[in-house]
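> Need a 3D model of the following:
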Amino acid sequence: MNFILDENVSFGLVKKLRSDGHNVISIAENPERGLVDDIIFILCRKTKSILITRDYHFTNAIRFPTKDTEGIIYIRHGNLTSNEEIKLGLRQLNIPLP
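Sure, this is the predicted structure:
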């Protein structure tokens, strides 16, 4: 699968998805960090990727219609450790936990 992980998501999830053989674009690795939401959404559509984010703006279905993407996973939970966030993301994707 193809994924785009917003810079506000644990980088450990990027590593785990890549180690499982998935194609992952990490906004945190982009030299132009701080990309605006619209650019990230366009990138998701172009690359046919699932977006994983903590940015609640992506829950606005009028501005970011999920029908135009492979999916948007919004992590709402508050103060999670990196491991908790990784496990939560994997559960949402039905990927076996480490």
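> which residues does Glu7 contact?
Neighbour list for Glu7: Ser26, Ile27, Ala28, Asn30, Arg33, Gly34 [criterion: C-beta atoms under 8 Å, 6 or more residues apart in numbering]. Just so you know, the C-beta spots here come from the backbone N, C-alpha and C atoms, and that holds for glycine as well.
> what's the spacing between it and Val24?
13 Å (C-beta to C-beta, to the nearest Å).
> Quick one: the strands in the protein, in order.
2-5, 23-26, 50-53, 72-74 (DSSP state E).
> Show me what the helix or strand of the chain with the lowest mean pLDDT is packed against.
Lowest by mean pLDDT, DSSP states H and E among the helices and strands of the chain is helix 82-92, with a mean of 86. The contact analysis (3 or more C-beta pairs under 8 Å, 6 or more residues apart in numbering; DSSP states H and E) places helix 82-92 against helix 11-19.
> ok, residues contacting the helix it packs on?
3, 5, 24, 26, 28-29, 52, 82-83, 85-86, 89-90, 95, 98.
> among those, who's most crowded?
Within the contacts of helix 11-19, neighbour counts (other C-beta atoms under 10 Å) peak at Ile52, which reaches 27 neighbours.
> Contact partners for that one?
Phe3, Ile4, Leu5, Asp6, Val9, Leu13, Ile73, Ile75, Gly89.
> can you rerun that using 10 Å?
By C-beta atoms under 10 Å, 6 or more residues apart in numbering, the residues touching Ile52 are 3-6, 8-10, 13-14, 17, 24, 58, 71-75, 85, 88-89, 92-93.
> who's the residue most central in space within the chain bridged to?
In the chain, the residue lying closest to the centroid (C-alpha atoms, centre = their mean) is Ile52, at 1.8 Å. Here Ile52 sits in beta bridges with Leu5, Ile73, going by DSSP bridges.
> In terms of mean pLDDT, which of the strands of the chain ranks lowest?
Per-segment mean pLDDT for those reaches its minimum on strand 72-74, at a mean of 92.
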